[in-house]
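Q: what follows is a predicted structure for the sequence shown.
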Amino acid sequence: MLSKKASCDSHGQDSSYFLGWEEYEKNPYHQVHNPTGIIQMGLAENQLSFDLVESWLASNPDAAGLKTNGESIFRELALFQDYHGLPSFKKVLVEMMAKMRGNRVKLEANNLVLTAGATSANETLMFCLADPGEAFLLPTPYYPGFDRDLKWRTGAEIVPIQCTSSNGFKITAAALEEAYGRAQKFNLKVKGVLITNPSNPLGITMTVDELNHIIDFVVEKDIHIISDEIYSGTVFDSPSFVSILEALMQQKLENSELWNRVHIVYSLSKDLGLPGFRIGMIYSNNPAVVSAATKMSSFGLISSQTQYLLSQMLSDKNFIIKYMSENKKRLQKRKEMLVCGLKSSGIACLESNAGLFCWVDMRHLLRANTFEAEKELWEKVVRVVGLNISPGASCHCTEPGWFRMCFANMSEETLRVAMHRIKVRLVDVHRTRAAMVKSARLSPKWVKLLASLNRGPDR
């Protein structure tokens, strides 16, 4: 007999986002050992700049060897585990965050809480700010994992702020009010708005107008803002990234009550490509939130050894400047490779300037403008084309036919294979079928041929 929490199915594992991963894991692509396998394009990992990190490690053996000036500090690190974290690590983290914001925002190490990744940081903030049954508003489309991270253990609810392609999925004052009204109809108390800036899955930075809409809204409603800014170091094109704290400062709200109701989530998973190191953090100007979150962090601490190693790396200013600059160049080049590859097959993307993915418009490939048709197309892409991508429905997009495709977790050669598969196994087949339908008006002979095309090539 298990607890209700262990027995319930509210984890979100039945989402197509996670189901695609399961299909990939059954048959993962490998250029040599399994060239017909499924290519993973549903994983937002940054593998483009590992060589820079590896080069630094090779040049700094003391850091990796847990030494200071040649002397081992292994015993000290093996025994030390204060949930406040290493002061030297927190210091370089806030310095790095400030640099990413053009040093326009001053950050204090005492306002930082370390967590085992951004997943833990977001869940911890939910525990701090909302009781079970209370809600946060999230603009759509949003990261599918939020249904798990924010709701599963906390009992909090998510109410979507419905954004559409008509304005590039931007947040409007009307959309905020509509979501708030919908929450009230369901008798849900709204505790705040959670945004991802830059956006996952859109790959775009939020505009100052959008941030101001949110600020005005939360001031009026007297609620919180959580700004998940884990992709802030991936902005490779204009417009530049504007943090929620910078937007507050532009309105001279540093001494307002709202200043203590704004909380930032950050990690090193995306910018430095280190998700396995589990480095996440909460930044808040609210002492009560910092205190409560610090106590909760004892359930998911970062090892002292990891903190020490990365404190040494991040304190190397020249390395960080070089890394961030080169990493952005590589991300932009790889993003353009994906966009050009899709364009050659007649597929467009939302214009983006950040992140590890593109928001891809495949509405013209749907048999009908429905989410059922989107699911059918997604299943075909996974099982016939051999690509795991994330369908818009898993991101709570209001319009069927949009998909997230990741580009930074594979080699250039693998991305070329993926683009070739889309053209040959999906687009060319779709065009041939459409031409046959138009010219033959579905005579019996053509129906049989179309059925064979729909099955796709043997794998």
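A: Now that the structure is in, tell me what you want to look at. Not measured: the values here are computed from a predicted model.
Q: with Tyr143 as the reference, measure out to the residue nearest the centre of the chain.
A: Centroid-nearest residue in the chain, with C-alpha atoms, centre = their mean: Asn200, separated by 4.2 Å. Distance, Asn200 to Tyr143, by C-beta to C-beta, to the nearest Å: 5 Å. All C-beta atoms are positioned from the backbone trio N, CA, C, and that covers glycine.
Q: dump the residue contacts of the closest residue to Thr164 other than its chain neighbours.
A: Distances taken as C-beta to C-beta, 6 or more residues apart in numbering put Thr398 closest to Thr164, at 6.0 Å, once the chain neighbours are dropped. Thr398 is in contact with Thr140, Pro160, Gln162, Cys163, Thr164, counting by C-beta atoms under 8 Å, 6 or more residues apart in numbering.
Q: count of residues packed around the fourth one?
A: When neighbours are defined as other C-beta atoms under 10 Å, Cys163 has 24 of them.
Q: just the first one next, same as before
A: Applying the criterion other C-beta under 10 Å, we find 21 residues in the vicinity of Thr140.
Q: do the same with the second one
A: Pro160 is flanked by 18 other residues according to other C-beta under 10 Å.
Q: buried residues in the helix or strand hosting it, which are they?
A: Per DSSP states H and E: Pro160 is located in strand 157-161. Residues Glu157, Ile158, Val159, Pro160, Ile161 are the ones in strand 157-161 that count as buried (16 or more other C-beta atoms under 10 Å).
Q: any idea what the nearest residue to the first one once chain neighbours are set aside is bridged to?
A: Ranked by C-beta to C-beta, 6+ apart and with sequence neighbours excluded, the top spatial neighbour of Glu157 is Ala135, at 4.1 Å. The bridge-partner assignment for Ala135, based on DSSP bridges, gives Glu157, Val190.
Q: picking up where we left off before, for the strand holding Pro160, what is the average pLDDT?
A: Mean pLDDT, strand 157-161: 97.
Q: what's the answer for stretch 244-251, then?
A: Here the average pLDDT along stretch 244-251 is 95.
Q: check the offset of that stretch from the chain's centre.
A: Mean C-alpha position of stretch 244-251 versus that of the full chain (C-alpha atoms, centre = their mean, to the nearest Å) differs by 23 Å.
Q: what residues does it touch?
A: By C-beta under 8 Å, 6+ apart, stretch 244-251 touches 101, 104-105, 195, 197, 208, 211-212, 214-215, 225, 227, 229, 254, 256, 258-259, 262, 264.
Q: redo that, cut-off 6 Å
A: By C-beta atoms under 6 Å, 6 or more residues apart in numbering, the surrounding residues in contact with stretch 244-251 are Arg104, Val105, Leu211, Ser227, Val262.
Q: how about stretch 206-219?
A: Lys170, Ile171, Ala173, Leu176, Val193, Asn197, Ile225, Val242, Ala247, Leu258.
Q: please apply the same query to stretch 55-65.
A: Against stretch 55-65 from outside (C-beta under 6 Å, 6+ apart): Leu309, Gln312, Phe319.
Q: can I get the strand or helix carrying Val289 as CSV, trimmed to CA atoms?
A: For Val289, the host element (DSSP H and E) is helix 287-296. What follows is helix 287-296 as a C-alpha-only set of coordinates in CSV (Å, rounded to 0.1, in the frame of the first residue of the first chain):
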residue,chain,number,x,y,z
PRO,A,287,14.6,37.8,3.5
ALA,A,288,11.7,35.5,4.5
VAL,A,289,11.8,33.7,1.1
VAL,A,290,15.6,33.4,1.3
SER,A,291,15.4,32.0,4.8
ALA,A,292,12.7,29.5,4.0
ALA,A,293,14.2,28.4,0.7
THR,A,294,17.6,27.9,2.3
LYS,A,295,16.1,25.5,4.9
MET,A,296,14.3,23.6,2.2
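Q: show me what it is packed up against.
A: strand 112-115, helix 118-129 (3 or more C-beta pairs under 6 Å, 6 or more residues apart in numbering; DSSP states H and E).
Q: of those, which is nearest Val339?
A: Smallest distance to Val339 across those (C-beta to C-beta): 26.5 Å, for helix 118-129.
Q: shouldn't the residue nearest to the centre of the chain be within a strand?
A: No - when the secondary structure is assigned by DSSP: H, G, I helix; E, B strand; the rest coil, Asn200 falls in coil instead of a strand.
Q: contact partners for it?
A: Asn200 makes contacts with Tyr143, as judged by C-beta under 6 Å, 6+ apart.
Q: now do the end-to-end distance for stretch 364-379.
A: End-to-end distance for stretch 364-379: 16 Å, by C-alpha to C-alpha, to the nearest Å.
Q: how far out from the middle of the chain is it?
A: Chain-centre distance of stretch 364-379: 24 Å, with C-alpha atoms, centre = their mean.
Q: residues contacting that stretch, please?
A: Contacts of stretch 364-379 (C-beta under 6 Å, 6+ apart): Pro391, Ala393, Pro400, Gly401, His430.
Q: picking that back up, could you identify the most distant pair in the contacts of Thr398?
A: Across those, the longest distance by C-beta to C-beta is 11.7 Å; it joins Pro160 and Thr164.
Q: tell me how many other residues surround the closest residue to Pro275 other than its chain neighbours.
A: The shortest distance from Pro275 to any non-neighbouring residue, by C-beta to C-beta, 6+ apart, is to Ser269 (3.9 Å). Neighbours of Ser269 under the rule other C-beta under 10 Å: 22.
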